[in-house]
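[1] let me see the structure of the following:
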Amino acid sequence: MIKIALGSDHAGYLLKEKVKKFLIELELEFKDYGTFKLDSCDYPEYAYKVGQAIVSGEADMGILVCGTGIGMSITVNKIKGIRGALANDIETAQLSRLHNNANVLCLGGRILKEEEAKEVVKTWINTSFEGGRHQKRLNLITQLTGL
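    Coordinates of the predicted model:
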């Protein structure tokens, strides 16, 4: 069974809590790395915690939520071995897994409604990497960036 690391800042907190309930419905294992309240906080801290959980093997995949998903995406992609994708729609979520083997999904808490987020999360979790020519491109990213 896959293990999912969750994280959010204050702007993503409410949607993260809804995603947690959805993961429970799907009977998926997860660990929440915070934040645990609506008080203002700094998103890089939570993106780093989730990214490190994946790199260390504590988790297989991660889901991060901030206001737009942009800040989380920028931050988590600075971690070697992480491929974070900002996906606020089903097609982007699916392609991020099929073509990019994204291991972190970044969502916009101020962008997505609960039902949209559930569909994006479900699609992302249930889509597998195609490999082939896409693996060649991922290898090239690593070669060029060292990440």
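[2] count of neighbours near the closest residue to Tyr43 other than its chain neighbours?
    In this structure, Tyr43 finds its nearest non-sequential neighbour in Asp9, 3.9 Å apart by CB to CB, 6 or more residues apart in numbering. Using the backbone N, CA and C atoms, a C-beta is placed for each residue, glycine as well. Neighbours of Asp9 under the rule other CB atoms under 10 Å: 25.
[3] one more: Glu58?
    Neighbour count of Glu58, defined by other CB under 10 Å: 13.
[4] cool, Gly146 as well?
    If you count neighbours by other CB under 10 Å, Gly146 ends up with 7.
[5] which residues in the protein form helices?
    Under the criterion DSSP state H, the chain contains helices at 13-25, 43-56, 70-76, 90-98, 114-126, 133-145.
[6] and the contacts of the fifth one?
    Read it as helix 114-126. Helix 114-126 has contacts (CB atoms under 8 Å, 6 or more residues apart in numbering) with 2, 4, 15, 18-19, 22-23, 26, 28, 61, 63, 87-90, 93-94, 96-97, 102, 105, 107, 112.
[7] with the fourth one instead?
    Around helix 90-98, the neighbours that count as contacts under CB under 8 Å, 6+ apart are 85-87, 102, 105, 119-121, 123-124, 127-130, 134.
[8] tell me the gap between that helix and the middle of its chain.
    12 Å (CA atoms, centre = their mean, to the nearest Å).
[9] with the second one instead?
    The gap between where helix 43-56 is centred and where its chain is centred comes out at 10 Å by CA atoms, centre = their mean.
[10] spit out the contact partners of Val104.
    Contacts for Val104 (CB under 8 Å, 6+ apart) come out as 50-51, 54, 61-64, 76, 82-85.
[11] okay, and the beta partners of it?
    Taking DSSP bridges as the rule, Val104 bridges to Gly62, Gly84.
[12] look up how far Glu25 lies from it.
    Between Val104 and Glu25 the computed distance is 21 Å (CB to CB, to the nearest Å).
[13] try Gly146
    Going from Gly146 to Glu25 by CB to CB gives 39 Å.
[14] Ile54 too?
    As judged by CB to CB, Ile54 and Glu25 stand 23 Å apart.
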